[in-house]
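A.B. asks: Build me a structure from this.
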Amino acid sequence: MRDIVETPILTLSATSRHLAIPKGTLHAWLTDTRGPLVHRVPDQPHNWPTIPFVGVVEAHVLRLLRHDLKLSLPKVRDAAMAVRREFDTPYALATKRVATDGADIFIEYATGELARAHDGQQPFREVIDSHLRFIRWGDDDWPAAITLQQYSEVAPVIIDPRFAWGQPVVERNRVPVAAITEMWRAGDPMDLIAEEFDLTREQVETICRAAA
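C.D. replies: Here you go, the predicted model:
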């Protein structure tokens, strides 16, 4: 738990790029005066990583709620505050406690019941935990890895803080995406890159296309 909270793995720019979030938007989430929705590690040297894995997960969930599901920031903030109060954790958006049906946000309480974040109303229709399919959870119910949405299922790419210092890696063999794209940008043939990293040409092409 301490590692994913206290060890920075990505810069703001890298997090913005890997999660496809505008830098200005991510900066606003990190510096909101009412309390940051995405956490970072303070007092890091200039240009060093500042965002720990828990912050990457928070940013990923916020992107889903705000940009994919078009939920308002007040709704997201209400849900985050409700989880923080109920479970005494500042890392509300990096828990399994937030669910959505695409119109409202619901909180899963300790009793197992779901209730709407802003008024406690229980849902009348099935709630879809759509963001959970991109997050892999550890035995302690904290996030262990996330799948990056912009990469194809042909070659899934994940961020797992145990590998490549938290940089994106190919899920199947943990090859850093940067190693693949560096060879591609240097002009190496796709077939050679595929052979080097035990991937198919199609996998290399989809990874390079997404990374570009």
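
A.B. asks: Tell me where the chain has helices.
C.D. replies: Secondary structure of the chain, counting by DSSP state H: helices at 2-6, 12-19, 23-31, 53-63, 73-87, 177-185, 190-196, 201-211.

A.B. asks: What residue spans form the domains of this structure?
C.D. replies: The chain breaks down by automatic domain parsing into domains covering 2-143, 150-212.

A.B. asks: Could I get these in TSV, plus columns for mean pLDDT and mean neighbour count?
C.D. replies: Heads up, the C-betas are built off the backbone N, CA and C, glycines and all. Formatted as TSV, the domains of the chain follow (pLDDT from 0 to 100; neighbours: other Cβ atoms under 10 Å):
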stretch	mean pLDDT	mean neighbour count
domain 2-143	84	17
domain 150-212	94	17
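
A.B. asks: Would you mind putting the helices of the chain into TSV with distance to residue 135 alongside?
C.D. replies: Below are the helices of the chain laid out as TSV (distance: least, Cβ to Cβ, whole Å):
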stretch	distance to residue 135
helix 2-6	12
helix 12-19	13
helix 23-31	18
helix 53-63	7
helix 73-87	15
helix 177-185	19
helix 190-196	29
helix 201-211	19
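
A.B. asks: just so I know, which of those helices lies nearest residue 117?
C.D. replies: Taking Cβ to Cβ, helix 73-87 is the member of the helices of the chain nearest to residue 117, at 3.9 Å.

A.B. asks: residue contacts, residue 167?
C.D. replies: Residue 167 makes contact with 9, 10, 159, 176, 177, 178, according to Cβ atoms under 8 Å, 6 or more residues apart in numbering.
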